[in-house]
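Undergrad: have a look; sequence and predicted model below, questions after that.
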Amino acid sequence: MLFDGLFLTGSIMKNIIFISITAASLAIGHVQARDSYDHIRFGVDVPYEPMEYRTPDGELTGFDIDLGNALCEQMEVTCEWVEQQWDGIIPGLLARNYDAIMSSMTINEERRAQVLFSDSYLTVPSAWFGPVDTALEEVNESNLKGLILGVQRGTLQDNYATDLYGDIATVRRYASVDDMLLDMEADRVDIVFVNYPVGKTTLLDSERSEYRVIGDMINEPYKYFGDGLAIALRPRDEALAERFNEAIAAVKEDGTYDRIHERYFGEE
Amino acid sequence: MCGYKNVTTSALGGNEMLDISAWFNDLLAGNLIFTPTTLGYYWEGLVTTTQLVFLSLIAGLVLAVPLAIMRSSKHKWISLPIYFYTYVFRGTPLLIQLYIIYYGVVFIDGIQETFLWPLLREAFYPALLAFTLNTAAYTTEIFRGAIKTTSKGEIEAARAYGMSDSLMMRRIILPSAFRRALPAYGNEVIFMLHASAIASVVTLMDLTGAARFVYARFYAPFEAFLFVAAIYLCLTFAILYFFRFLEKKLLAHLRPQTN
């Protein structure tokens, strides 16, 4: 009995070793193929209209999506979009769940310590939005006392609102922009701070309730608003960043960029 | 003590002591958790979690006692509605109940104009309501089980004394049922503490909410969640020991006699 048991264990061990070696060699082959990047997986937080969202029939679309696909075409690679909630989007990149983040991410110092950024492909300001009948005319320390401010957790807008107004007003942090808008419609949040194109599409153009911009467009201080939106990559992928930069320059050159820009932001 | 300390210092040598303190400083240098700001968020989270869990358990307990008595009733028209309530709340995830109560109420027309709105507007009270209803359902079933298993002898003895139903419930059945329910109820309290981690989905800055904030702000998932796990562990230990103390006191008559 004992001998039988040992024998069995031995053969299982052999099998396990064989399987591990096979799996390991397969894994190595896989990683090598990926490092040359003929297939790029983008991480993206949806919805963030008009930057990235789904059409009524479920198709992924938006400025980032179209531009990303155009860049892939330019670089002659195939690409794929992986949905990831915003507050885990950088850890997901570092954990190799995808190879690049193209999700309206603003370049700033805190993020630069974790990821490698391509050249900026767009600059967008942020703005405060509130119901059309709100009494607020501008947002400053003196008139925010006791109000409830809505932001998406882990965004530059979150950092900005927390640092500047966290002591005098209540900052409510949402996992997604959708949840935040639902709460503003329900009158649970007084005003929200989001990037302007998103606020324009989801709030100003909304048919359900009426909203307006409060105060001016905000794109400083530099500490929060940095250098505009860029594609984020793992720090070791310098060659890939170089390829992205060339592709961004090329689509700006040949007019593709302008066409996509016009499609989502209109003519300005 | 002092002399001993000096001896160790000289035995280790000044250099090595320096190394250790330098190593310790290095360890804390790049850290994001033990800074006043971050600890402030965790503290705020600890207060919210404690309030939420404590208040919902008290309210749940108060609700559960009459509900458990009704649930044990011989009359179907009393026990069935209670059964339906516990079945619904034990049969659906707490997260779904929280979503329905938090996001669902705003679809009731005119809710913003009622006197309830100042409470429902906050994230705290809908969460408290969901947690209370949930824990009340579980506690009702725990108590009902304990009431049902009251030994026949005790009931017959009470009857022989000519006790009325309500007096018997008060003096005989409930005191012994509470004692028997204690270990199971201790578990429910710990489950409730852990279940409260979902409060952050409705923007509450509870312990998990604080950890998610630190995680999203500093991109430090490992540190942020490890630290909050340690806090939950400490809280669980406190609850565990509290219930062990209670059991020791209240269930003393059930322990085997040593002499």
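TA: Received the coordinates, thanks. Numbers count the residues shown, from 1 in each chain, chains lettered A, B, ... in the order given.

Undergrad: so which bits of the stretch 151-259 of chain B are right by chain A?
TA: Residues of the stretch 151-259 of chain B lying close to chain A by C-beta under 8 Å from any C-beta of the partner chain are B:V201, B:T203, B:M205, B:G209, B:R212, B:F213, B:Y215, B:A216, B:R217, B:F218, B:Y219, B:P221. Where C-beta positions appear, they are placed from N, C-alpha and C, glycine not excepted.

Undergrad: look up phi and psi at the residue nearest to the spatial centre of chain A.
TA: In chain A, the residue lying closest to the centroid (C-alpha atoms, centre = their mean) is A:S103, at 2.9 Å. The phi and psi torsions at A:S103 (degrees, to the nearest 10) take the values phi -150, psi 50.

Undergrad: can you check the one 3 residues further on too?
TA: Dihedral angles phi and psi of A:T106 (degrees, to the nearest 10) take the values phi -80, psi 140.

Undergrad: mind checking how far A:N97 is from chain B?
TA: 13 Å (C-beta to the nearest C-beta, to the nearest Å).

Undergrad: enumerate every residue touching the residue nearest to the centre of chain A.
TA: With contact set as C-beta atoms under 8 Å, 6 or more residues apart in numbering or on different chains, A:S103 has these partners: A:F42, A:G43, A:V44, A:D45, A:Y48, A:M51, A:E52, A:D64, A:W86, A:I89.

Undergrad: just those now: which is nearest chain B?
TA: A:W86 (7.6 Å; C-beta to the nearest C-beta).

Undergrad: that closest one contacts A:R153, correct?
TA: Yes - assessed by C-beta atoms under 8 Å, A:W86 is found in contact with A:R153 at 7.1 Å.

Undergrad: list residues touching both of those two?
TA: A:A175, B:A216.

Undergrad: residue in the stretch 1-150 of chain A nearest to chain B?
TA: Relative to chain B, the nearest point of the stretch 1-150 of chain A is A:D87 (3.8 Å; C-beta to the nearest C-beta).

Undergrad: surely A:E73 is within a helix?
TA: Yes - assessed with DSSP: H, G, I helix; E, B strand; the rest coil, A:E73 lies in a helix.

Undergrad: flag every buried residue along the strand or helix carrying A:D258.
TA: In this assignment (DSSP states H and E), A:D258 forms part of helix A:256-265. Buried residues in helix A:256-265, counted by 16 or more other C-beta atoms under 10 Å in any protein chain shown: A:T256, A:Y257, A:I260, A:H261, A:Y264, A:F265.

Undergrad: ok, stretch A:158-177 next?
TA: Buried residues in stretch A:158-177 (16+ other C-beta under 10 Å): A:158-162, A:164-165, A:169-177.

Undergrad: what of stretch A:56-69?
TA: Here stretch A:56-69 shows A:L60, A:T61, A:G62, A:F63, A:D64, A:I65, A:D66, A:L67, A:G68, A:N69 as buried, counting by 16+ other C-beta under 10 Å.

Undergrad: check the residues you listed and tell me the two furthest apart.
TA: The span of the buried residues of stretch A:56-69, defined through C-beta to C-beta, is set by A:L60 and A:L67 at 13.0 Å.

Undergrad: which ones are touching the closest residue to chain A within the stretch 1-150 of chain B?
TA: Nearest to chain A, among the residues of the stretch 1-150 of chain B, is B:V106, at 3.6 Å (C-beta to the nearest C-beta). B:V106 sits next to A:L182, A:E185, A:A186, A:R188, B:Q112 when contact means C-beta under 8 Å, 6+ apart.

Undergrad: B:Y125 contacts B:L119, correct?
TA: Yes - look at B:Y125 against B:L119 with C-beta under 8 Å: they come within range, at 4.3 Å.

Undergrad: got the residues of the stretch 51-200 of chain A near chain B?
TA: So far as C-beta under 8 Å from any C-beta goes, the stretch 51-200 of chain A lies against chain B at A:86-88, A:90-91, A:110-111, A:114, A:153-154, A:158-159, A:172-175, A:179, A:182-183, A:185-188.

Undergrad: now, of those residues, which are buried?
TA: For these, buried by 16+ other C-beta under 10 Å: A:86-88, A:90-91, A:111, A:114, A:153-154, A:158-159, A:172-175, A:179, A:182-183, A:185-186, A:188.

Undergrad: three-state assignment of A:R212?
TA: Criterion first, three-state DSSP; result for A:R212: strand.

Undergrad: pLDDT wise, what is the nearest residue to it once chain neighbours are set aside at?
TA: Using C-beta to C-beta, 6 or more residues apart in numbering or on different chains and skipping the chain neighbours, the partner closest in space to A:R212 is A:V132 (5.0 Å). In this model, A:V132 is scored at 87, pLDDT.

Undergrad: can I assume A:V132 is in contact with A:S206?
TA: No - A:V132 is beyond contact range of A:S206, at 11.0 Å (criterion: C-beta under 8 Å).

Undergrad: neighbouring contacts of the helix or strand that contains A:L93?
TA: Following DSSP H and E, one finds A:L93 within helix A:89-94. Residues outside helix A:89-94 that contact it (C-beta under 8 Å, 6+ apart) are A:43, A:45, A:84, A:98-101, A:103, A:105, A:111, A:114-115, A:232-234, B:215, B:219, B:221.

Undergrad: surely B:L120 touches B:V105?
TA: Yes - applying C-beta under 8 Å, one finds B:L120 in contact with B:V105, separated by 5.5 Å.

Undergrad: what sits in contact with each of these two?
TA: In contact with both B:L120 and B:V105: B:I111, B:P126, using C-beta under 8 Å, 6+ apart.

Undergrad: between those two, who's got more neighbours?
TA: B:L120 (20 against 16; other C-beta atoms under 10 Å in any protein chain shown).

Undergrad: so that one is in which element?
TA: helix B:117-121.

Undergrad: helix or strand right after that helix?
TA: helix B:124-148.

Undergrad: check which helices and strands the helix or strand following that next one sits against.
TA: Going down the chain from helix B:124-148, the next helix or strand is helix B:152-160, by DSSP H and E. Judged by 3 or more C-beta pairs under 8 Å, 6 or more residues apart in numbering or on different chains; DSSP states H and E, helix B:152-160 is in contact with helix B:165-168.

Undergrad: export the helix or strand following the helix it packs on as PDB, just CAs?
TA: Downstream of helix B:165-168, the first helix or strand assigned by DSSP H and E is helix B:174-195. C-alpha atoms of helix B:174-195 as PDB (Å, rounded to 0.1, in the frame of the first residue of the first chain):
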ATOM      1  CA  LEU B 174     -36.100  34.500  25.900                       C
ATOM      2  CA  PRO B 175     -33.300  34.400  28.600                       C
ATOM      3  CA  SER B 176     -32.300  30.900  27.700                       C
ATOM      4  CA  ALA B 177     -32.700  31.500  24.000                       C
ATOM      5  CA  PHE B 178     -30.400  34.500  24.100                       C
ATOM      6  CA  ARG B 179     -27.800  32.500  25.800                       C
ATOM      7  CA  ARG B 180     -28.000  29.700  23.200                       C
ATOM      8  CA  ALA B 181     -28.000  32.300  20.400                       C
ATOM      9  CA  LEU B 182     -24.800  34.000  21.600                       C
ATOM     10  CA  PRO B 183     -22.100  32.100  19.700                       C
ATOM     11  CA  ALA B 184     -24.100  32.300  16.400                       C
ATOM     12  CA  TYR B 185     -24.800  36.000  17.000                       C
ATOM     13  CA  GLY B 186     -21.100  36.600  17.600                       C
ATOM     14  CA  ASN B 187     -20.500  35.300  14.100                       C
ATOM     15  CA  GLU B 188     -23.200  37.500  12.700                       C
ATOM     16  CA  VAL B 189     -21.400  40.600  14.200                       C
ATOM     17  CA  ILE B 190     -18.200  39.700  12.600                       C
ATOM     18  CA  PHE B 191     -19.900  39.000   9.200                       C
ATOM     19  CA  MET B 192     -21.500  42.400   9.500                       C
ATOM     20  CA  LEU B 193     -18.200  44.100  10.100                       C
ATOM     21  CA  HIS B 194     -16.800  42.500   7.000                       C
ATOM     22  CA  ALA B 195     -19.900  43.100   4.900                       C
END
